[in-house]
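**Q** Give me coordinates for this.
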Amino acid sequence: MTTNYTQKLTGKDLEQYIKARFSKPEDDAPEPEDQTITMTESEALSQYDDMLDDCYPMAEICGYQYQPSRALRELDPIAYRVGFSDYCSSLSEDGYEIDYN
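**A** Next up is the predicted model:
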């Protein structure tokens, strides 16, 4: 038989619980350094296309449907490249490095 109960914590009890539950252990071990992950431009382009295709509905032109990434790339290549550049910037903020060679 399992007994479930709820206990209300207030004041100092709540503070102690939060401190115990969510504080980081204090030790002398250094924080691990951020690792940079390198990907090729081709891999980044593929991920960018996947992101566009996941975020936007199919583009319909004259009754035909096209993937959003293809429609943008072919109809407005400048907007596509600007968006890709922004996407790469966000990747670099997340610890990725793009190899453009």
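**Q** could you pull out the helices for this structure?
**A** Using DSSP state H, the helices of the chain run over residues 11-22, 41-55, 68-75, 77-93.
**Q** Ranking these by mean neighbour count, which comes first?
**A** helix 68-75 (a mean of 17; mean count of other Cβ atoms under 10 Å). C-beta: built from backbone N, CA, C; applies to glycine.
**Q** For that helix, give the mean pLDDT please.
**A** Mean pLDDT, helix 68-75: 96.
**Q** for it, packing partners?
**A** helix 41-55, strand 59-61, helix 77-93 (3 or more Cβ pairs under 8 Å, 6 or more residues apart in numbering; DSSP states H and E).
**Q** Quick one: closest of these to Gln67.
**A** Of all the helices and strands packed on helix 68-75, helix 41-55 sits nearest to Gln67, with 5.1 Å by Cβ to Cβ.
**Q** ok, the nearest residue to Met58 once chain neighbours are set aside to Asp94 distance?
**A** Once flanking residues are discounted, Met58 sits nearest to Gln65: 4.4 Å by Cβ to Cβ, 6 or more residues apart in numbering. Distance, Gln65 to Asp94, using Cβ to Cβ, to the nearest Å: 32 Å.
**Q** Next: Cys55.
**A** Separation of Cys55 from Asp94 (Cβ to Cβ): 17 Å.
**Q** again, but for Lys12
**A** In terms of Cβ to Cβ, Lys12 sits 39 Å off from Asp94.
**Q** Equivalent analysis for Asp50, please.
**A** For Asp50, the distance to Asp94 equals 16 Å [Cβ to Cβ].
**Q** on that earlier part again, mind putting the helices of the chain in a markdown table, distance to Asp99 included?
**A** Formatted as a markdown table, those follow (distance: least, Cβ to Cβ, whole Å):
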| stretch | distance to Asp99 |
| --- | --- |
| helix 11-22 | 39 |
| helix 41-55 | 7 |
| helix 68-75 | 21 |
| helix 77-93 | 11 |
